[in-house]
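Peer 1: For reference, the sequence and a predicted model appear below.
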Amino acid sequence: MVAKTGVLVALTKEHREQLMSLAREVSFEIDERIFNEGGQADRFWIIHTGTVALDVHVPGRRAAVIETLGAGELLGWSWLVPPHHWHLGAQAASPVRAYEFDAAAVRELCGNDPELNQELWAYVAAVIAGRLRSTRVRLLDLYAPYGAGEVP
C-alpha cells in the first residue's frame, strides 16, 4: 500500500491511482548521487523510505545542502517546468526506496487530463516555493558575516 503523504494526498483517489500506475520501485544506496544540478530532468521520485539531501553548487566551495527530504516527499520538480533541467542536485543521505516516474509519461497523462495537470501543478508550485525559501535561508546562513541570530 502506498502511504498517502505529500503529493499523494494532494491528488484525488482517481488521479493518485493513475499516477501510481506509472510508478516503478527503485532504491539508492547511502551517498549515491541521484542527479546533478544542470542535468536533464527526465524523471522524478516519491520517497518511500530514507532521506535525500538536496544541494546547490557553490563556486569554489563544497556543494551546500539546502534541504533533506524524507518519506512521502517529492524528489524533483524540474521535470514539469521547461527546459527540464535540474535546478539542484540530490544525493542519498541514507538508504532510499522510492517510486520513480518517467517524466514524459506523466506529462502525457497530464496533457490528457486537465484536472490531474492542475492538481500536479498546484502541488509542484508549493514545493518550488518551499525549496526557494530553504535555499534562501541556507545561503544567508552560509554568507552572513555572523552566525544565525548573532549580532556584531
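Peer 2: Yes, it's here. Residues are numbered from 1 along each chain as shown.
Peer 1: these two touch, right, residue 75 and residue 69?
Peer 2: Yes - the criterion here is Cβ atoms under 8 Å, and residue 75 meets it with residue 69 at 5.8 Å. All C-beta atoms are positioned from the backbone trio N, CA, C, and that covers glycine.
Peer 1: okay, and the common contacts of the two?
Peer 2: Here residue 75 and residue 69 have 47, 52 as joint contacts, going by Cβ atoms under 8 Å, 6 or more residues apart in numbering.
Peer 1: quick one: the residue most central in space within the chain and residue 122, what's the gap?
Peer 2: Nearest to the mean C-alpha position of the chain, by Cα atoms, centre = their mean, lies residue 75 at 2.4 Å. From residue 75 over to residue 122 the distance is 18 Å, taken as Cβ to Cβ, to the nearest Å.
Peer 1: swap in residue 52?
Peer 2: For residue 52, the distance to residue 122 (Cβ to Cβ) stands at 23 Å.
Peer 1: Between the two, which has more neighbouring residues?
Peer 2: Counted by other Cβ atoms under 10 Å, residue 52 and residue 122 do not tie: residue 52 has more neighbours, with 23 against 10.
Peer 1: from what I can see residue 23 touches residue 100, true?
Peer 2: Yes - using Cβ under 8 Å, residue 23 is in contact with residue 100, at 6.9 Å.
Peer 1: Can you mark which positions in the top helix by length along the chain are buried?
Peer 2: Longest helix of the chain, by residue count under DSSP state H: helix 114-143. Within helix 114-143, the residues that qualify as buried by neighbour count (16 or more other Cβ atoms under 10 Å) are 116-117, 119-120, 123-124, 127, 131, 134-135, 138.
Peer 1: beta partners of the nearest residue to the residue nearest to the centre of the chain once chain neighbours are set aside?
Peer 2: Closest residue to residue 75 apart from its sequence neighbours, by Cβ to Cβ, 6 or more residues apart in numbering: residue 45 at 4.2 Å. Per DSSP bridges, the residues bridged to residue 45 are residue 75, residue 100.
Peer 1: measure residue 45 to residue 61 for me?
Peer 2: From residue 45 over to residue 61 the distance is 27 Å, taken as Cβ to Cβ.
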